[in-house]
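# what follows is a predicted protein model with its sequence.
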Amino acid sequence: MEVPRPCDIGRGAACRAAQGRARATRERGRSLGRGRRSRPTLRLAGGAALEWPGDKSAWARLDGDLDALQVIAQGVPKVVQRLSLFVDRRQFRPLLSVGSITDETTAPYLEALVAALERFEGMTWTQESVSLMSGQPEAGPDEPFEEMEAMRLSDA
C-alpha cells in the first residue's frame, strides 16, 4: 500500500492536481537545460548581508559555474508555468539565506558574521537536480516546505 504524501492528506485537490501535472511533465521527459551543460559545479564561498533595499538577511554566496546555474534559473519559470503554478519572477541571485537580521541583531554581531562568511570557502559539489517546492503563503517560518518534484538536470 502506498503511503499518502502530506499533500494528499492536508492540502486538497489543487495540490494533487499540481502533482499530477508534475508527473506528466516528468513522463514527457522534459528537463531543465536540456542540451546545455546544465549540471553546474558549485560551492559556497563568501557572504554578505543587507544586499538590496528591504533585505533583512545574511547570505552565503554561491561560486563556481554560475553561468550554467543562471541557465537553470531561467528555465525554472517555464517548467512551473507548464504546471499552471505561481511563477516567482524575482531576479535570480546566487545566494543562500543563512539567517535573518532582526531588531535584536547588533552591528558588531552582524559585522563579525559577514566577516566570517567572507572568509568561508566550502567544498564543491555537482548540482544533480532542482526541486519544485510547495509552501503555504500564510505558513510560519517553522512550517516545512514540501518537495513536489525533483527535476534531474541533463548531462552536457
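Nice, I can see it.
# quick one: mean pLDDT for the helix or strand hosting residue 71?
Secondary structure assignment for residue 71, by DSSP states H and E: helix 66-82. For helix 66-82, mean pLDDT is 84.
# same question for stretch 54-62.
Here the average pLDDT along stretch 54-62 is 93.
# just how off-centre is it within its chain?
14 Å (C-alpha atoms, centre = their mean, to the nearest Å).
# list the buried residues in it.
By neighbour count with 16 or more other C-beta atoms under 10 Å, stretch 54-62 contains the buried residues 58-62. C-beta coordinates here come from the backbone N, C-alpha and C atoms, glycine included.
# buried stuff in the helix holding residue 71?
Going by neighbour count (16+ other C-beta under 10 Å), the buried part of helix 66-82 is 68-69, 71-73, 75-76, 79-80.
# out of those, which comes closest to residue 53?
residue 73 (21.8 Å; C-beta to C-beta).
# tally of neighbours for the residue lying closest to the closest one once chain neighbours are set aside?
In this structure, residue 73 finds its nearest non-sequential neighbour in residue 92, 3.8 Å apart by C-beta to C-beta, 6 or more residues apart in numbering. Other residues near residue 92 come to 13 when the count uses other C-beta atoms under 10 Å.
# distance of residue 92 from residue 144?
In this view, residue 92 and residue 144 are 24 Å apart by C-beta to C-beta, to the nearest Å.
# just residue 53 next, same as before
Residue 53 is 30 Å from residue 144, where distance means C-beta to C-beta.
# and those two? Which one has more around it.
Neighbours of residue 53 and residue 144, each counted by other C-beta under 10 Å, are more numerous for residue 144; the result is 9 against 5.
# which parts of the protein are strands?
Assigned by DSSP state E, the strands in the chain fall at 41-49, 57-64, 95-100, 125-126, 129-134, 146-152.
# out of the ones you listed, which is closest to residue 87?
Among the strands of the chain, strand 129-134 sits nearest to residue 87 (C-beta to C-beta), with 11.5 Å.
# please save the CA atoms from that closest one in PDB.
Taking C-alpha atoms only, strand 129-134 is exported to PDB below (Å, rounded to 0.1, in the frame of the first residue of the first chain):
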ATOM      1  CA  SER A 129      18.600  18.200  -9.700                       C
ATOM      2  CA  VAL A 130      16.400  21.100  -8.900                       C
ATOM      3  CA  SER A 131      13.400  20.600  -6.600                       C
ATOM      4  CA  LEU A 132      10.000  22.200  -7.100                       C
ATOM      5  CA  MET A 133       8.900  23.100  -3.500                       C
ATOM      6  CA  SER A 134       5.500  23.900  -2.200                       C
END
